[in-house]
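[1] Any chance you could fold what I've pasted below:
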Amino acid sequence: MSATASPETVVRGYYDALRNGDPLELYFRADDSTVKFGISESLFGGGAIAAALAEQTATTADWTIESRGLVVDQRETFATYADEVTMVWTDTEDSDRRRFDSRWSGTLVPTDDSSAPDWRFALMHVSAPHEL
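    Modelled structure (predicted):
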């Protein structure tokens, strides 16, 4: 990430990191209050998120991430984002190809840590829409 990366650039960088199989934990605050809700998981705290993301990176491959409407609202001390994303990947343990149409939303906060993106996720919520 550049020294002046916007929150939108950080979200798109996260998508690229998923596609490339790069480490993802740098994108999240290491704080105990950081939360990530996935399609099938609820993770509380930076340590739990980092461990789950490391396992995800180790057990998945060939990611496709298609953003269909990213919106970002940047404020001085936080930013919000929302997107509709098609996710496709291969589970390397059983070779199954998985696909989800999903909704992403959350909050990013600025950081002064030069080893990480300028903004980090404080909250990420990923869900798969289903008709009721």
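[2] can you give me the helices for this structure?
    Secondary structure of the chain (DSSP state H): helices at 7-20, 46-59.
[3] most packed of the ones you listed?
    Here the criterion is mean neighbour count by mean count of other C-beta atoms under 10 Å, and of the helices of the chain the winner is helix 7-20, at a mean of 18. Just so you know, the C-beta spots here come from the backbone N, C-alpha and C atoms, and that holds for glycine as well.
[4] Just want the angle from that one to helix 46-59.
    Helix 7-20 and helix 46-59 meet at an angle of 40 degrees, taking axes from the mean of the first three to the mean of the last three C-alpha atoms, to 10 degrees as the criterion.
[5] Can you spell out which helices and strands pack onto helix 7-20?
    Under the contact criterion of 3 or more C-beta pairs under 8 Å, 6 or more residues apart in numbering; DSSP states H and E, helix 7-20 touches strand 60-67, strand 71-74, strand 79-91, strand 97-110, strand 119-127.
[6] Just checking: what are the partner strands of the shortest one?
    What that stands for is strand 71-74. Looking at strand 71-74 with DSSP bridges, its paired strands and their directions are strand 79-91 (antiparallel).
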